[in-house]
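**Student:** can't give you the sequence, but here's the structure:
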């Protein structure tokens, strides 16, 4: 049984954003300060990448540990486990399909995990790759 009412749960879930997130804003600020220009949240591109660098044929996805099933940090809710396992499994499978699509059209996919965003060494590698 959920600890909050259905109405309250609905209200909480409706506040979870898919774009303009804190994670996305941190990455965007860093890339912009490095002179890397991008488009954001394009619905024209398959899988709705968070950032697109069309000139270099690169799409960037910023994946949260919960919604994309991070093996290190995913903690499934105790209630309604079957629902969450199915939901997150679908997200993981969709990510694989998106990766395959971009590989087939010879675009590079960069996936940045939520837990890696504060890792300066990882961001330096991403920026180095983008500047090639």
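**Tutor:** That came through, no problem. This one's a predicted model, so the numbers in the text were calculated from it and none came from an experiment.
**Student:** so residue 102 is in which element?
**Tutor:** helix 81-104 (DSSP states H and E).
**Student:** C-terminal to the lowest-mean-pLDDT helix or strand in the chain, what's the next element?
**Tutor:** In the chain, the helix or strand scored least confidently by mean pLDDT, DSSP states H and E is helix 6-14, which has a mean of 70. Per DSSP H and E, the first helix or strand lying C-terminal to helix 6-14 is helix 22-33.
**Student:** Return the set of buried residues in that next one.
**Tutor:** Residues 24, 27-28, 30-31 are the ones in helix 22-33 that count as buried (16 or more other CB atoms under 10 Å). All C-beta spots, glycine's among them, are computed from the backbone N, C-alpha and C.
**Student:** where are the low-confidence patches of this protein?
**Tutor:** Scanning the chain with the threshold set as pLDDT under 70 gives 1-2, 4, 9-10, 12-20, 120.
**Student:** on that earlier part again, whichever helix or strand comes after the helix holding residue 102 pairs with which strands?
**Tutor:** Using DSSP H and E, the helix or strand that follows helix 81-104 towards the C-terminus is strand 108-113. Applying DSSP bridges to the sheet, strand 108-113 is found paired with strand 58-63 (parallel).
**Student:** Residues contacting the partner strand, please?
**Tutor:** 21, 23-24, 27, 38, 45, 47, 49-53, 70, 95, 98, 102, 107-114, 117, 126, 130 (CB atoms under 8 Å, 6 or more residues apart in numbering).
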